[in-house]
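A.B. asks: sequence below, structure please.
(one chain, ligands or ions: 1)
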Amino acid sequence: MTETRTRVVSTLTRAYRLGLLVLSAPIVLGEFFDADTGADYGVAFTTKCRLVARMFWNNLRLPTGSSFVEHLVVATKILQIPPDEEGVVVECGCYLGGSTANLSLAAGLCDRPLVVFDSFEGMPEPDEADEAHVLLQSEQVHTYEAGSWHGSLSDVRRNVARYGDLDACEFEKGYFEETLPAFDRPVALAFLDVGLRGSAETCLEELWPRLRPEGYLFTHDVKHMEISSLFFDQQWWRDHLGRDAPGLVGAGSGVGLHPQRNGFGSLLGYVVKDPPLDSFETVEERGAGAYGDEMLGGNGDEMLSGNGDEMLGAADGSDASAGE
Ligand SMILES: C[S@@+](CC[C@H](N)C(=O)[O-])C[C@H]1O[C@@H](n2cnc3c(N)ncnc32)[C@H](O)[C@@H]1O
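C.D. replies: Numbering: from 1, shown residues only. Below you'll find the model as predicted:
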(Lines give C-alpha, C1' and ligand atoms only; values in the text may rest on other atoms or scores of the structure.)
Protein backbone atom coordinates (compact mmCIF):
# COMPACT_ATOMS: atom_id res chain seq x y z
CA MET A 1 0.00 0.00 0.00
CA THR A 2 2.77 2.42 0.98
CA GLU A 3 4.66 1.43 -2.17
CA THR A 4 1.62 2.11 -4.34
CA ARG A 5 1.13 5.46 -2.64
CA THR A 6 4.78 6.38 -3.23
CA ARG A 7 4.46 5.43 -6.91
CA VAL A 8 1.30 7.51 -7.31
CA VAL A 9 2.88 10.54 -5.61
CA SER A 10 5.99 10.17 -7.73
CA THR A 11 3.94 9.92 -10.95
CA LEU A 12 1.85 12.93 -9.98
CA THR A 13 5.00 14.92 -9.13
CA ARG A 14 6.52 14.08 -12.51
CA ALA A 15 3.29 14.95 -14.31
CA TYR A 16 3.07 18.23 -12.42
CA ARG A 17 6.65 19.14 -13.29
CA LEU A 18 6.11 18.16 -16.92
CA GLY A 19 3.03 20.39 -16.92
CA LEU A 20 5.08 23.26 -15.48
CA LEU A 21 7.75 22.68 -18.10
CA VAL A 22 5.16 22.84 -20.89
CA LEU A 23 3.48 25.91 -19.39
CA SER A 24 6.79 27.73 -18.99
CA ALA A 25 7.89 26.84 -22.55
CA PRO A 26 6.55 30.10 -24.07
CA ILE A 27 8.81 32.03 -21.67
CA VAL A 28 11.83 29.76 -21.99
CA LEU A 29 11.47 29.37 -25.76
CA GLY A 30 10.09 32.84 -26.50
CA GLU A 31 13.45 34.06 -27.78
CA PHE A 32 13.90 30.94 -29.92
CA PHE A 33 10.54 31.52 -31.62
CA ASP A 34 11.08 35.27 -31.99
CA ALA A 35 10.81 36.07 -35.71
CA ASP A 36 14.26 37.72 -35.68
CA THR A 37 16.01 34.58 -34.39
CA GLY A 38 17.36 32.76 -37.42
CA ALA A 39 15.79 35.21 -39.89
CA ASP A 40 19.20 36.07 -41.35
CA TYR A 41 19.67 32.37 -42.16
CA GLY A 42 16.18 31.96 -43.63
CA VAL A 43 15.07 29.79 -40.70
CA ALA A 44 11.28 30.07 -40.64
CA PHE A 45 8.75 29.23 -37.91
CA THR A 46 8.01 25.81 -39.41
CA THR A 47 11.71 24.91 -39.49
CA LYS A 48 11.96 25.91 -35.84
CA CYS A 49 8.98 23.71 -34.93
CA ARG A 50 10.64 20.78 -36.71
CA LEU A 51 13.91 21.54 -34.92
CA VAL A 52 12.22 21.51 -31.49
CA ALA A 53 10.50 18.22 -32.31
CA ARG A 54 13.75 16.62 -33.49
CA MET A 55 15.70 17.85 -30.50
CA PHE A 56 13.04 16.55 -28.12
CA TRP A 57 12.98 13.19 -29.90
CA ASN A 58 16.79 12.96 -29.95
CA ASN A 59 16.86 13.66 -26.24
CA LEU A 60 14.62 10.66 -25.67
CA ARG A 61 16.65 8.40 -27.95
CA LEU A 62 20.25 9.31 -27.07
CA PRO A 63 21.88 8.95 -23.67
CA THR A 64 22.98 12.44 -22.71
CA GLY A 65 23.90 14.49 -19.68
CA SER A 66 21.97 17.54 -20.88
CA SER A 67 18.38 18.30 -21.87
CA PHE A 68 16.85 19.40 -25.15
CA VAL A 69 15.63 22.62 -23.48
CA GLU A 70 19.25 23.47 -22.66
CA HIS A 71 20.23 22.62 -26.23
CA LEU A 72 17.49 24.95 -27.48
CA VAL A 73 18.84 27.83 -25.41
CA VAL A 74 22.26 27.32 -27.02
CA ALA A 75 20.66 26.83 -30.46
CA THR A 76 18.89 30.19 -30.05
CA LYS A 77 22.23 31.94 -29.62
CA ILE A 78 23.71 30.07 -32.61
CA LEU A 79 20.81 31.24 -34.79
CA GLN A 80 21.32 34.82 -33.55
CA ILE A 81 25.00 35.06 -34.56
CA PRO A 82 25.17 37.65 -37.36
CA PRO A 83 26.01 35.76 -40.59
CA ASP A 84 28.91 38.11 -41.36
CA GLU A 85 30.59 37.22 -38.06
CA GLU A 86 33.41 34.79 -38.64
CA GLY A 87 33.85 31.76 -36.44
CA VAL A 88 32.95 28.18 -35.73
CA VAL A 89 30.80 26.77 -32.96
CA VAL A 90 32.87 24.76 -30.47
CA GLU A 91 31.67 21.98 -28.21
CA CYS A 92 34.04 20.65 -25.54
CA GLY A 93 32.84 17.42 -23.96
CA CYS A 94 30.36 15.39 -25.99
CA TYR A 95 30.09 11.97 -24.24
CA LEU A 96 27.94 9.89 -26.67
CA GLY A 97 26.96 12.81 -28.87
CA GLY A 98 23.50 13.65 -27.45
CA SER A 99 24.28 17.35 -27.19
CA THR A 100 26.40 17.20 -30.37
CA ALA A 101 23.53 15.84 -32.46
CA ASN A 102 21.22 18.65 -31.37
CA LEU A 103 23.78 21.45 -31.65
CA SER A 104 24.85 20.15 -35.08
CA LEU A 105 21.28 20.66 -36.34
CA ALA A 106 21.38 24.35 -35.34
CA ALA A 107 24.94 24.84 -36.62
CA GLY A 108 24.03 23.14 -39.91
CA LEU A 109 21.09 25.52 -40.43
CA CYS A 110 23.58 28.40 -40.21
CA ASP A 111 26.28 26.75 -42.32
CA ARG A 112 28.64 27.03 -39.38
CA PRO A 113 31.01 24.17 -38.57
CA LEU A 114 30.58 22.57 -35.15
CA VAL A 115 34.04 21.59 -33.93
CA VAL A 116 33.80 18.89 -31.25
CA PHE A 117 36.66 18.36 -28.80
CA ASP A 118 36.78 15.27 -26.62
CA SER A 119 39.22 12.58 -25.58
CA PHE A 120 36.59 10.04 -26.72
CA GLU A 121 38.07 8.01 -23.88
CA GLY A 122 36.24 9.72 -21.04
CA MET A 123 37.57 11.97 -18.32
CA PRO A 124 41.29 12.29 -17.64
CA GLU A 125 42.62 11.40 -14.18
CA PRO A 126 41.15 14.13 -11.94
CA ASP A 127 43.60 16.03 -9.79
CA GLU A 128 42.95 16.21 -6.07
CA ALA A 129 40.74 19.30 -6.29
CA ASP A 130 38.54 17.58 -8.89
CA GLU A 131 38.01 14.25 -7.18
CA ALA A 132 34.77 15.44 -5.55
CA HIS A 133 32.56 18.39 -6.46
CA VAL A 134 29.92 20.04 -4.31
CA LEU A 135 26.57 20.80 -5.94
CA LEU A 136 25.00 22.85 -3.19
CA GLN A 137 21.71 23.52 -4.96
CA SER A 138 21.16 19.80 -5.62
CA GLU A 139 22.56 18.78 -2.23
CA GLN A 140 24.93 16.36 -3.94
CA VAL A 141 28.64 15.56 -3.97
CA HIS A 142 29.84 14.23 -7.32
CA THR A 143 32.96 12.10 -7.61
CA TYR A 144 35.08 11.38 -10.66
CA GLU A 145 37.61 8.90 -11.93
CA ALA A 146 39.55 8.52 -15.15
CA GLY A 147 37.49 7.08 -18.00
CA SER A 148 34.06 8.08 -16.68
CA TRP A 149 31.67 9.55 -19.28
CA HIS A 150 33.38 7.50 -21.96
CA GLY A 151 31.97 7.72 -25.49
CA SER A 152 34.03 6.47 -28.43
CA LEU A 153 34.47 8.54 -31.58
CA SER A 154 32.78 5.85 -33.69
CA ASP A 155 29.75 5.80 -31.38
CA VAL A 156 29.49 9.60 -31.46
CA ARG A 157 29.80 9.69 -35.25
CA ARG A 158 27.13 7.02 -35.59
CA ASN A 159 24.75 8.84 -33.22
CA VAL A 160 25.24 12.20 -34.92
CA ALA A 161 24.84 10.62 -38.37
CA ARG A 162 21.54 9.13 -37.28
CA TYR A 163 20.09 11.99 -35.24
CA GLY A 164 21.96 15.16 -36.17
CA ASP A 165 23.90 16.73 -39.03
CA LEU A 166 27.22 14.92 -39.39
CA ASP A 167 28.26 17.16 -42.30
CA ALA A 168 28.27 20.15 -39.93
CA CYS A 169 30.70 18.42 -37.52
CA GLU A 170 34.46 18.20 -37.24
CA PHE A 171 35.94 16.04 -34.49
CA GLU A 172 39.16 16.74 -32.59
CA LYS A 173 40.16 13.66 -30.65
CA GLY A 174 42.46 13.91 -27.64
CA TYR A 175 42.72 15.51 -24.22
CA PHE A 176 42.01 19.24 -24.33
CA GLU A 177 45.50 19.92 -23.03
CA GLU A 178 46.86 18.40 -26.29
CA THR A 179 44.27 19.44 -28.89
CA LEU A 180 43.15 22.95 -27.92
CA PRO A 181 46.54 24.72 -27.97
CA ALA A 182 46.88 23.76 -31.67
CA PHE A 183 43.42 25.14 -32.51
CA ASP A 184 43.67 28.55 -34.14
CA ARG A 185 40.26 29.32 -35.63
CA PRO A 186 37.94 32.16 -34.59
CA VAL A 187 35.16 31.00 -32.29
CA ALA A 188 31.62 32.38 -32.63
CA LEU A 189 30.14 30.46 -29.70
CA ALA A 190 31.39 27.84 -27.28
CA PHE A 191 29.59 25.16 -25.26
CA LEU A 192 31.63 23.53 -22.50
CA ASP A 193 30.39 20.42 -20.72
CA VAL A 194 33.55 19.04 -19.23
CA GLY A 195 32.86 18.08 -15.61
CA LEU A 196 36.29 18.93 -14.20
CA ARG A 197 37.66 22.28 -13.08
CA GLY A 198 41.05 21.39 -14.59
CA SER A 199 39.42 20.74 -17.99
CA ALA A 200 37.34 23.92 -17.77
CA GLU A 201 40.49 25.93 -17.07
CA THR A 202 42.19 24.56 -20.21
CA CYS A 203 39.12 25.29 -22.33
CA LEU A 204 38.84 28.86 -21.08
CA GLU A 205 42.52 29.57 -21.42
CA GLU A 206 42.59 28.37 -25.03
CA LEU A 207 39.14 29.39 -26.30
CA TRP A 208 38.46 32.73 -24.61
CA PRO A 209 41.07 34.62 -26.67
CA ARG A 210 39.54 33.12 -29.85
CA LEU A 211 35.93 33.99 -28.90
CA ARG A 212 34.49 36.96 -30.80
CA PRO A 213 33.42 40.07 -28.88
CA GLU A 214 29.77 39.66 -27.77
CA GLY A 215 30.18 35.91 -28.26
CA TYR A 216 28.49 33.52 -25.83
CA LEU A 217 30.38 30.92 -23.86
CA PHE A 218 28.07 28.38 -22.23
CA THR A 219 29.04 26.02 -19.49
CA HIS A 220 26.96 23.03 -18.52
CA ASP A 221 28.70 22.72 -15.18
CA VAL A 222 27.25 25.68 -13.32
CA LYS A 223 26.05 23.77 -10.27
CA HIS A 224 29.59 22.59 -9.58
CA MET A 225 30.90 25.24 -7.22
CA GLU A 226 34.47 24.31 -8.19
CA ILE A 227 33.71 25.29 -11.81
CA SER A 228 31.32 28.22 -11.26
CA SER A 229 33.83 29.85 -8.94
CA LEU A 230 36.41 29.83 -11.75
CA PHE A 231 34.39 32.49 -13.58
CA PHE A 232 34.73 34.78 -10.54
CA ASP A 233 38.36 33.98 -9.77
CA GLN A 234 39.96 37.36 -10.32
CA GLN A 235 43.49 36.09 -9.75
CA TRP A 236 43.11 33.20 -12.22
CA TRP A 237 41.74 35.46 -14.96
CA ARG A 238 44.45 38.08 -14.44
CA ASP A 239 47.21 35.46 -14.40
CA HIS A 240 45.97 33.40 -17.36
CA LEU A 241 44.02 35.77 -19.56
CA GLY A 242 45.22 39.21 -18.49
CA ARG A 243 41.75 40.53 -17.69
CA ASP A 244 39.16 40.66 -14.94
CA ALA A 245 36.94 37.68 -14.23
CA PRO A 246 33.73 38.00 -16.28
CA GLY A 247 31.32 36.31 -13.83
CA LEU A 248 28.72 33.77 -14.85
CA VAL A 249 24.96 33.99 -15.40
CA GLY A 250 23.34 31.06 -13.60
CA ALA A 251 26.28 30.36 -11.29
CA GLY A 252 25.38 27.78 -8.67
CA SER A 253 21.86 26.97 -9.81
CA GLY A 254 21.73 27.38 -13.60
CA VAL A 255 19.42 29.46 -15.75
CA GLY A 256 15.83 28.63 -14.79
CA LEU A 257 14.73 26.14 -17.42
CA HIS A 258 13.50 23.08 -15.52
CA PRO A 259 11.13 22.92 -12.55
CA GLN A 260 13.22 21.49 -9.72
CA ARG A 261 13.18 20.96 -5.99
CA ASN A 262 14.41 24.47 -5.17
CA GLY A 263 12.65 26.36 -7.95
CA PHE A 264 13.52 26.55 -11.63
CA GLY A 265 17.12 25.76 -12.56
CA SER A 266 19.36 23.79 -14.90
CA LEU A 267 23.01 22.96 -15.37
CA LEU A 268 23.38 25.68 -17.98
CA GLY A 269 25.02 29.04 -17.44
CA TYR A 270 26.75 31.50 -19.71
CA VAL A 271 29.01 34.46 -19.98
CA VAL A 272 29.23 37.01 -22.80
CA LYS A 273 32.63 38.23 -23.88
CA ASP A 274 32.77 42.02 -23.83
CA PRO A 275 28.98 42.49 -23.68
CA PRO A 276 27.53 45.58 -25.42
CA LEU A 277 26.96 47.59 -22.23
CA ASP A 278 25.95 50.69 -24.26
CA SER A 279 22.79 48.88 -25.32
CA PHE A 280 21.93 47.75 -21.77
CA GLU A 281 19.12 49.47 -19.89
CA THR A 282 20.27 51.74 -17.05
CA VAL A 283 18.35 51.13 -13.84
CA GLU A 284 18.65 53.77 -11.13
CA GLU A 285 18.37 51.91 -7.86
CA ARG A 286 16.42 54.23 -5.58
CA GLY A 287 14.29 51.69 -3.79
CA ALA A 288 11.53 49.19 -4.46
CA GLY A 289 10.38 49.01 -8.08
CA ALA A 290 13.86 49.06 -9.59
CA TYR A 291 13.36 45.57 -11.01
CA GLY A 292 10.03 46.31 -12.69
CA ASP A 293 8.10 43.18 -13.59
CA GLU A 294 11.18 40.98 -13.26
CA MET A 295 10.18 40.23 -9.70
CA LEU A 296 6.53 39.35 -9.56
CA GLY A 297 5.26 38.67 -6.09
CA GLY A 298 7.19 41.36 -4.21
CA ASN A 299 9.22 39.64 -1.59
CA GLY A 300 9.07 36.43 -3.57
CA ASP A 301 7.00 33.55 -2.29
CA GLU A 302 9.01 30.35 -2.40
CA MET A 303 7.87 28.01 -5.17
CA LEU A 304 5.88 24.91 -4.39
CA SER A 305 8.27 22.21 -3.37
CA GLY A 306 8.42 18.52 -4.17
CA ASN A 307 10.76 15.66 -3.72
CA GLY A 308 10.49 13.82 -7.02
CA ASP A 309 13.02 13.85 -9.84
CA GLU A 310 15.18 16.91 -9.99
CA MET A 311 14.87 17.44 -13.68
CA LEU A 312 12.64 16.46 -16.55
CA GLY A 313 13.82 16.08 -20.08
CA ALA A 314 16.95 13.99 -19.68
CA ALA A 315 17.46 11.38 -22.33
CA ASP A 316 16.17 8.32 -20.66
CA GLY A 317 13.92 10.06 -18.18
CA SER A 318 16.67 9.79 -15.57
CA ASP A 319 18.01 12.71 -13.58
CA ALA A 320 20.41 14.30 -16.01
CA SER A 321 21.97 16.45 -13.34
CA ALA A 322 22.71 13.49 -11.11
CA GLY A 323 25.48 12.03 -13.22
CA GLU A 324 27.03 15.34 -14.06
C1 LIG B 1 29.62 15.34 -18.92
S2 LIG B 1 30.32 14.63 -20.32
C3 LIG B 1 29.61 15.54 -21.64
C4 LIG B 1 28.14 15.32 -21.79
C5 LIG B 1 27.55 15.74 -23.11
N6 LIG B 1 27.78 17.14 -23.41
C7 LIG B 1 26.08 15.46 -23.14
O8 LIG B 1 25.30 16.41 -23.03
O9 LIG B 1 25.72 14.30 -23.23
C10 LIG B 1 31.95 15.24 -20.21
C11 LIG B 1 32.82 14.93 -21.41
O12 LIG B 1 34.01 15.71 -21.29
C13 LIG B 1 35.10 14.95 -21.75
N14 LIG B 1 36.31 15.50 -21.11
C15 LIG B 1 36.42 16.00 -19.84
N16 LIG B 1 37.66 16.46 -19.62
C17 LIG B 1 38.36 16.27 -20.78
C18 LIG B 1 39.69 16.60 -21.19
N19 LIG B 1 40.56 17.18 -20.36
N20 LIG B 1 40.04 16.29 -22.45
C21 LIG B 1 39.16 15.71 -23.30
N22 LIG B 1 37.89 15.38 -22.97
C23 LIG B 1 37.49 15.67 -21.72
C24 LIG B 1 34.78 13.52 -21.36
O25 LIG B 1 35.44 12.61 -22.21
C26 LIG B 1 33.25 13.48 -21.56
O27 LIG B 1 32.91 13.03 -22.84
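
A.B. asks: number of residues surrounding the residue of the stretch 51-200 of the chain found nearest the ligand?
C.D. replies: When distances are taken as CB to the nearest ligand atom, the stretch 51-200 of the chain reaches nearest to the ligand at G93, 3.0 Å away. Yep, even glycine has a C-beta here, placed from its N, CA and C like the rest. Per other CB atoms under 10 Å, the neighbour tally for G93 reads 28.

A.B. asks: so where is the stretch 1-150 of the chain shaky, pLDDT-wise?
C.D. replies: Low-confidence segments of the stretch 1-150 of the chain (pLDDT under 70): 1.

A.B. asks: please enumerate the helices of it.
C.D. replies: All helices of the stretch 1-150 of the chain, identified by DSSP state H, counting those that start in this stretch, fall at 2-28, 30-33, 45-61, 68-79, 98-109.

A.B. asks: next one: the stretch 151-300 of the chain
C.D. replies: Counting by DSSP H, counting those that start in this stretch, the helices of the stretch 151-300 of the chain are 153-163, 176-179, 197-207, 225-228, 234-241.

A.B. asks: possible to save these as TSV with distance to E85 and mean pLDDT?
C.D. replies: Converted to TSV, the helices of the stretch 151-300 of the chain look like this (distance: least, CB to CB, whole Å; pLDDT from 0 to 100):
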stretch	distance to E85	mean pLDDT
helix 153-163	24	98
helix 176-179	24	98
helix 197-207	16	98
helix 225-228	27	94
helix 234-241	21	98
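
A.B. asks: okay, the nearest residue in space to F232 that is not next to it in sequence: pLDDT?
C.D. replies: Take F232 and drop its neighbours on the chain: the residue closest to it by CB to CB, 6 or more residues apart in numbering is A245, 5.2 Å away. Looking at A245, its pLDDT is 98.

A.B. asks: turn the helices of the stretch 1-150 of the chain into a markdown table, including distance to the ligand and mean neighbour count.
C.D. replies: Compiled in a markdown table, these are given as follows (distance: least, CB to the nearest ligand atom, whole Å; neighbours: other CB atoms under 10 Å):
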| stretch | distance to the ligand | mean neighbour count |
| --- | --- | --- |
| helix 2-28 | 18 | 13 |
| helix 30-33 | 19 | 16 |
| helix 45-61 | 9 | 16 |
| helix 68-79 | 8 | 24 |
| helix 98-109 | 3 | 27 |
